[in-house]
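Enquirer: this one's sequence-less:
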């Protein structure tokens, strides 16, 4: 693999991601990896605990909820011409000692299918449901504010392709996770994928609350 992949600090990861990633939000980061070529940071991949506690409990049961982590940001400088799936695979190998169940999403609102995760041998478990979240100004996640701060709008959460990777060297643990997995494993989707322009953020869709 060309260049060097190393753990980077939270501040360095955020400084790279915020101006480029379409989400426009700071993720919760437990581990951040940077891909450095010719002394330049060209890509960042971060992992953290999911915002959804029901996901942590529901993916493989309460007994495995502590093991659930999300690949929550992946971004590469435009026009580099390198295989980002190689970078992700390397990051996952570095994390095998953590014994994590890694979940990753490909957002249909951005016309993403998740071909990077398919190339890295993730399991595909289908589409999440389109639903709505609480909304306040500032694009904060709903877990970061009180009910009293909510206005009359709700923010639409688009359907996402959900991928899962058993990040461990322990074969017996991997078999147990597979046995306890609550989602059905289905064939990879094959749809047209579109690359977003770095620095262009996803415009939220809002609806009014039903009284």
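Expert: Structure's in. What do you need? Quantities reported herein were computed from a predicted structural model and do not represent experimental measurements.
Enquirer: Look up the pLDDT of the closest residue to residue 158 other than its chain neighbours for me, please.
Expert: Spatially, and ignoring its direct neighbours in sequence, residue 158 is nearest to residue 109 (3.7 Å; C-beta to C-beta, 6 or more residues apart in numbering). The C-beta positions use only the backbone N, C-alpha and C, and glycine is treated the same way. Per-residue confidence (pLDDT) for residue 109: 84.
Enquirer: now residue 21
Expert: Confidence score, pLDDT, at residue 21: 86.
Enquirer: So what does the residue nearest to residue 158 have for phi and psi?
Expert: Main-chain torsions, residue 109, degrees, to the nearest 10: phi -60, psi -30.
Enquirer: secondary structure class for the most centrally placed residue in the chain?
Expert: The residue lying closest to the centre of the chain (C-alpha atoms, centre = their mean) is residue 72, at 2.9 Å. Using DSSP: H, G, I helix; E, B strand; the rest coil, the structure places residue 72 in strand.
Enquirer: Can you tell me how far the residue nearest to residue 158 is from residue 49?
Expert: 23 Å (C-beta to C-beta, to the nearest Å).
Enquirer: How about residue 43?
Expert: 22 Å.
Enquirer: what about these two, which has more around it?
Expert: residue 43 (22 against 17; other C-beta atoms under 10 Å).
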